[in-house]
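In: Pasting the sequence and the predicted model now:
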Amino acid sequence: MRHESVWPAAFQLVAKTDVPALTGPCLRAARQTVTFQEKVSHTWQIKMECEWKPDEQGLQQILQLLKESQSPDTSTQRSVQQRLEQLNQYPDFNNYLIFVLTKLKSEDEPTRSLSGLILKNNVKAHYQNFPNGVSDFIKSECLQNIGDSSPLIRATVGILITTIASKGELQNWPELLPKLCLLLDSEDYNTCEGAFGALQKICEDSAEILDSDMLDRPLNIMIPKFLQFFKHSSPKIRSHAIACVNQFIISRTQALMLHIDPFIENLFALAADEEPEVRKNVCRALVMLLEVRMDRLLPHMHNIIEYMLQRTQDQDENVALEACEFWLTLAEQPVCKDVLCGHLSQLTPVLVNGMKYSEIDIILLKGDIEEDEAIPDNEQDIRPRFHRSRTVAQQHEGDGIEDEEDDDDDELDDDDTISDWNLRKCSAAALDVLANVFRDDLLLHILPLLKELLFHPEWVIKESGILVLGAIAEGCMQGMIPYLPELIPHLIQCLSDKKALVRSITCWTLSRYAHWVVSQPPDIHLKPLMTELLKRILDSNKRVQEAACSAFATLEEEACTELVPYLAYILDTLVFAFSKYQHKNLLILYDAIGTLADSVGHHLNKPEYIQMLMPPLIQKWNQLKDEDKDLFPLLECLSSVATALQSGFLPYCEPVYQRCVNLVQKTLAQAMLHQSQPDQYEAPDKDFMIVALDLLSGLAEGLGGNIEQLVARSNILTLMYQCMQDKMPEVRQSSFALLGDLTKACFQHVKPCVADFMPILGTNLNPELISVCNNATWAIGEISIQMGPEMQPYIAMVLHQLVEIINRPNTPKTLLENTAITIGRLGYVCPQEVAPMLQQFIRPWCTSLRNIRDNEEKDSAFRGICTMISVNPGGVVQDFIFFCDAVASWVNPKDDLRDMFYKILHGFKDQVGEENWRRFSDQFPMPLKERLATFYGV
C-alpha cells in the first residue's frame with residue numbers, strides 16, 4: 001500500500017455523508033499529515049507519549065464520527081460502523097481514540113466514554129496487530145487516568161484495562177497489578193475508586209489466571225489487601241472490596257481459604273450496611289459460602305437465616321433477589337431440613353409475598369393491555385428453538401415412552417417477556433424446591449395463606465396465590481389431593497377471569513395438576529378443563545394463548561387416548577388458532593399439534609381429521625423457505641403427525657420426503673464448502689439436517705413399506721453414509737435412528753450398504769455419547785433381524801463393545817434395554833458366535849429387560865437368549881434365578897416362546913433333581929414362585 005493514499009481516503013470516509021467529499025485544501029492538509037505521521041513513526045519507539053500529537057483535522061473528523069454514532073437512525077449507525085472498520089486499518093487511529101478518552105477534557109463525557117468503548121472493541125478484535133508503540137501509549141494513558149474525576153470516564157478506563165488484561169496481557173503487563181494495588185492506598189478518593197473498579201473487573205474476567213502459577217500467585221497479596229478495605233468509609237469502596245473477594249469463593253481459591261475466618265467475620269460486620277450494593281454483595285458471598293464452606297457457616301446458621309429473612313424483604317429489589325437465592329441454594333444442601341424446619345412459619349409468608357408482580361413488572365408486561373392478538377410480534381422476543389434429536393426408547397409397564405432426561409417443560413417460566421431473573425421467579429423457584437424438601441410439612445404454613453390469596457378481590461394478590469398453588473404442586477401433591485376436588489373447579493373458573501395475567505398463570509398452574517385431573521373420571525374435571533383451555537387457546541391476549549397452548553400440550557401428554565372422544569373439537573380449535581396466531585405462538589401451536597399426534601397415535605388417522613389438520617400444515621410448509629428456522633418446529637410437528645397418521649399421510653408424503661432429502665443434501669454440500677474454504681463459506685446450521693433426518697424417520701415409521709418407492713428414487717442412503725460420519729454427535733444420532741427405521745421399512749435398499757455401515761456403527765458404540773450409542777445399538781439390532789445368519793461376519797465388530805456397555809455401572813436405563821435387546825437379537829440370528837459369551841452378560845441382560853412391556857423387540861431378544869442357552873447351558877447356571885425372574889416378567893408370550901421357556905425351566909429342574917430344585921426355588925420371592933408354578937408348572 002502506498003503511503004500517500006492512507007489518510008485522505010480515511011478522511012473522506014469519516015466525513016459526513018451529506019457533506020461534499022473533502023477536496024482542495026483539506027486534502028492537502030491531510031497529505032501533509034501523512035508526512036508528519038511518517039516522521040513520527042521513526043521516533044515512536046523512543047517515547048511515544050511525548051511525541052505523539054493528533055492532527056487537528058483528523059481529530060475533528062473522528063469527533064464528528066463519534067457524534068454521529070450516537071444518532072438513533074440505523075442507517076447512520078450502519079455507515080458509521082463501516083467507516084470505523086475502515087479506519088481500523090490505520091495503526092494510530094487507536095491513539096486518537098485513547099486521546100479523546102483521556103486528554104480531551106473539553107468534550108462531553110458520553111462522547112469521550114464512547115471513544116473508549118470503541119477502542120475497547122478494537123482491542124478485543126485486533127489487539128495482536130497493534131504496534132508496540134500504540135499499545136504502550138494506550139497502557140500508560142490508562143494507568144495515568146484511572147483516577148479521572150468523572151465516574152463514567154474512570155469506569156471506561158477500567159473496562160479498557162481489563163479488556164487489555166484479558167487478551168493475555170496480564171503476563172506482558174507486569175506492572176499493572178502492583179500499580180493498581182498501590183493506587184488503592186491513594187489519599188485521593190477518585191484514584192482509589194478507579195483502581196478498585198478496574199481490579200474488580202480484572203478479578204471477574206481473569207480469576208483463573210490470578211490463581212495460577214503463571215503470575216506468581218498475586219492473590220496471596222491481593223486478598224489480604226482487599227479485606228482491609230471492608231471497613232473503608234466509602235460505601236462504593238466497601239462494595240468493590242467484597243465484590244473482588246467474592247470472585248474467588250466458588251473456586252475455593254487457597255489464598256482466600258487461608259483467610260476464610262476474617263472474611264466471614266468482616267461480612268457479618270457489614271450485614272446491616274446502609275449501602276444496598278454492600279448488602280447485596282454480602283448476601284451473594286453468603287450464598288456462595290453455603291456451597292463451599294458450610295462447615296464455617298453452620299455454627300452461625302440460626303443468625304444467618306434470620307438475617308436472610310430480613311434481606312429477602314429488603315426495600316432494594318436487587319438485595320432481596322440476592323438474598324432469595326439463599327433459599328434456593330440451601331434447599332440443595334443435606335442440612336436444609338434440620339436447619340430450616342424451625343423457620344418455615346416465618347419464611348413461607350416472605351416467599352409468598354415475593355411472588356406478587358411488582359408495579360414495574362406489570363408495566364413491562366403491559367398488564368393493562370388485555371387484547372393484543374392483532375399486534376405482530378417483535379422478532380427479537382422470539383427465543384431460538386433447539387431441536388432435540390430423535391432417541392429410540394422402550395415402552396414400560398404402565399406408561400408411555402420412558403424419557404431419560406426429565407423434561408422440564410413446566411418450569412416456573414410463567415412470564416417470558418421479563419425473562420430476566422427477578423424476585424417473583426426466584427421466590428417461586430425457592431418455594432418449589434422447598435416443597436420438594438419438606439413435602440406436606442410445608443402445607444401447614446401454606447394452606448392458611450392460600451385460602452386468603454386465592455379468593456382475594458385484588459387481582460395481583462389472587463394471581464400470586466395461583467402461582468403459589470402451581471409452585472407447590474410437585475412437592476406437596478399428596479397433601480393437596482383432599483383439596484383438589486374443590487380447587488380445580490375454582491381454577492377452571494379463574495380461566496375466564498377478566499385479567500389476562502390471571503388467565504395465563506391459571507393455565508400454567510392447572511397444567512401442574514394435569515396428572516391428578518386425568519386420574520379422575522373424565523366427566524368430572526378433564527372435560528370442563530379441556531373445554532375451558534381450548535377457549536383460552538383462542539384468547540384475545542397473546543400471553544394467554546401461549547400459556548394455554550403449553551398447558552394443553554402437558555394435558556395431552558397426561559391424558560393420551562382419553563382425548564380420543566374429543567378429537568374433532570380439539571382439532572377444530574387448534575386449526576382455527578392457525579389463522580389467528582402471530583409468529584411466536586405459532587411455534588408453540590406446532591408443538592401442541594405434534595404432542596396431540598404423539599398422544600392419540602393412530603386414532604388421528606380418520607379422513608375427516610386429516611382433512612382438518614393437513615391443509616393448514618402443508619400451507620405453512622409451502623410458505624417457509626429452506627433457510628427459515630421456523631421449519632424446525634414445523635418439521636418436528638409433521639414427524640409426529642406422519643407417525644400417527646401412518647397410511648393416512650400417503651397423499652402428502654412425496655413433497656415432504658423430497659424436501660427433507662434436499663435439506664440434508666444442501667447442508668452437507670455447504671459443510672464441505674466450508675471445510676475446504678472456511679474464509680469463503682460460512683458453516684451451515686446443521687439443525688436443518690438433523691430435523692430433516694428426524695422427519696424422514698417419522699415418515700419411515702408411519703408409512704412402513706409405502707416409503708420404498710421414494711427411497712428407491714432418491715440418494716438418501718449415500719447421504720446417510722455421510723451423515724453417519726459427521727463430526728457432530730446429534731447428526732450421527734439422527735442418522736442411526738433413520739437407518740433403523742429404513743431397515744424396518746424397506747430393507748432391500750439398506751442391505752447392499754450393510755458392509756459399509758456396520759464398521760461405522762461399531763465405532764459409535766461409545767457410551768460417553770449416550771444417545772448416539774443408543775441409536776447405533778438399536779440400528780444394529782434391527783439390521784441383524786433382517787440379515788439373519790448373514791450377520792455372522794459382523795458380530796466381531798460389535799459384540800465386545802455391547803457386552804462392555806451392559807456391564808457398565810450407571811448406564812442409563814434406555815441404553816441398557818436397547819443393548820440387551822440387540823445382544824439377544826444377535827444371539828437369535830448367530831447363536832454359535834454369541835453364546836460362548838453368555839456368562840459375561842446374562843445377569844445384567846435379565847435385570848434390564850424384566851421391566852419392559854411385551855413387544856416384538858422383547859420377543860426376538862428372548863428367543864435369542866433361549867437359543868443361546870440351548871447352545872451353552874453352562875453359561876446361565878450361576879445366574880439362573882435372574883433368568884427365572886425375567887421369564888416371569890412376560891404377561892403374555894407367544895405360544896412357541898412359552899414352550900421355549902417351559903423346556904429350559906424343566907430341563908434345569910430335571911438336571912439338578914427335585915431336592916436341589918426345591919432348595920433353589922425356596923430363595924424365590926413369593927410372587928415369582930407363584931407365577932412360575934401357575935404358568936410353567938415348576
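Out: Great, that's in hand.
In: any idea how far the residue nearest to K337 when sequence neighbours are not counted is from T391?
Out: Of all residues not flanking K337 in the chain, V437 sits nearest, at 6.0 Å (CB to CB, 6 or more residues apart in numbering). Bear in mind the C-beta positions are built from the backbone N, C-alpha and C, glycine included. Counting by CB to CB, to the nearest Å, the separation of V437 from T391 is 31 Å.
In: circling back to that earlier point, wouldn't the residue nearest to K337 be in contact with I472 here?
Out: No. Using CB atoms under 8 Å, V437 makes no contact with I472, being 11.6 Å away.
In: contacting residues for H525?
Out: H525 is in contact with 488-489, 492, 517, counting by CB atoms under 8 Å, 6 or more residues apart in numbering.
In: and the gap between it and Q313?
Out: From H525 to Q313 the distance is 37 Å (CB to CB).
In: go on, L635?
Out: For L635 relative to Q313 (CB to CB), the value is 48 Å.
In: who has more neighbours, the two?
Out: More crowded of L635 and Q313, by other CB atoms under 10 Å: L635, with 28 against 15.
In: Any buried residues in stretch 667-687, and which?
Out: Buried positions in stretch 667-687, judged by neighbour count with 16 or more other CB atoms under 10 Å: 667-668, 670-671, 684, 686-687.
In: how distant is stretch 507-518 from the center of its chain?
Out: Using CA atoms, centre = their mean, to the nearest Å, the mean C-alpha position of stretch 507-518 is found 24 Å from that of the whole chain.
In: try stretch 892-907
Out: That offset, for stretch 892-907, works out to 48 Å (CA atoms, centre = their mean).
In: can you tell me the average pLDDT over it?
Out: Averaged over stretch 892-907, pLDDT sits at 95.
In: T329 contacts L289, doesn't it?
Out: No. When contacts are counted by CB under 8 Å, T329 is not listed as touching L289 (9.7 Å).
In: what is in contact with these two at once?
Out: By CB under 8 Å, 6+ apart, no residue touches both T329 and L289.
In: From the neighbour counts alone, determine which of those two ranks first.
Out: Between T329 and L289, L289 has the larger neighbour count (other CB under 10 Å), namely 22 against 17.
In: what residues are up against that one?
Out: Taking CB under 8 Å, 6+ apart as the test, what L289 contacts is 249, 264, 296-297.
In: Restricted to helices, list the residues you listed.
Out: Residues of the contacts of L289 located in helices (DSSP state H): 264, 296-297.
In: what's in contact with the helix or strand containing the residue nearest to K337?
Out: Here V437 sits within helix 423-438, counting by DSSP states H and E. Under the contact criterion CB under 8 Å, 6+ apart, helix 423-438 has outside partners 317, 320-321, 324-325, 327-328, 331-332, 336-337, 340-341, 344, 347-348, 351-358, 361, 412, 414-415, 442, 467-468, 471-472, 474-476.
In: Give me the subset of these lying in helices.
Out: Among those, DSSP H puts 317, 320-321, 324-325, 327-328, 331, 336-337, 340, 344, 347-348, 351-354, 361, 467-468, 471 in helices.
In: Can you tell me which of these are buried?
Out: Burial by neighbour count, judged by 16+ other CB under 10 Å, picks out 320-321, 324-325, 327-328, 331, 336, 340, 347-348, 351-352, 354, 361, 467-468, 471 from the ones in helices among the contacts of helix 423-438.
In: Okay, the residue lying closest to W917 once chain neighbours are set aside and Y936: tell me how far apart.
Out: The shortest distance from W917 to any non-neighbouring residue, by CB to CB, 6+ apart, is to K909 (4.6 Å). Going from K909 to Y936 by CB to CB gives 10 Å.
In: Over to Y609?
Out: 45 Å.
In: ditto for E558
Out: 37 Å.
In: Same question for E208.
Out: For E208 relative to Y936 (CB to CB), the value is 64 Å.
In: Just the buried ones from the ones in helices among the contacts of L289?
Out: Buried among the ones in helices among the contacts of L289 by 16+ other CB under 10 Å: 264, 297.
In: Turn the ones in helices among the contacts of L289 into CSV, columns for pLDDT and distance to I161.
Out: Listed next are the ones in helices among the contacts of L289 as CSV, based on pLDDT from 0 to 100; distance: CB to CB, whole Å:
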residue, pLDDT, distance to I161
I264, 95, 30
R296, 93, 34
L297, 95, 35
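In: Output the ones in helices among the contacts of L289 in TSV, with distance to P729 appended to each entry.
Out: Formatted as TSV, those follow (distance: CB to CB, whole Å):
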residue	distance to P729
I264	44
R296	42
L297	41
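In: Name the member of the contacts of H525 that has the highest neighbour count.
Out: With neighbours defined as other CB under 10 Å, the most crowded of the contacts of H525 is V517; it has 23 neighbours.
In: quick one: contacts of the helix or strand hosting that residue?
Out: Assigning secondary structure by DSSP H and E places V517 in helix 514-519. For helix 514-519, contacts defined as CB under 8 Å, 6+ apart pick out 477, 481, 484, 488, 510, 525-526, 529, 551, 554-555, 557-559, 562.
In: Identify, from these, the entry nearest to S233.
Out: M477 (53.7 Å; CB to CB).
In: Not counting sequence-adjacent ones, nearest residue to the closest one?
Out: W516 (7.1 Å).
In: Just give the number of residues close to the one you found.
Out: 17.
In: Tell me how far it lies from L555.
Out: Taken as CB to CB, the span from W516 to L555 is 12 Å.
In: and which of the contacts of L289 is nearest to K629?
Out: I249 (39.5 Å).
In: Correct me if wrong: the closest one contacts V287.
Out: No. Between I249 and V287 there is no contact under CB under 8 Å: 9.3 Å.
In: E208 and Y936: which has the busier surroundings?
Out: Y936 (18 against 10).
In: who's in contact with that one?
Out: 887, 901-902, 905-906.
In: please redo it, this time with the cut-off set to 10 Å
Out: 884, 887-888, 898, 901-906, 909 (CB atoms under 10 Å, 6 or more residues apart in numbering).
In: quick one, phi/psi of I852?
Out: Per-residue torsions, I852: phi -90, psi 160 (degrees, to the nearest 10).
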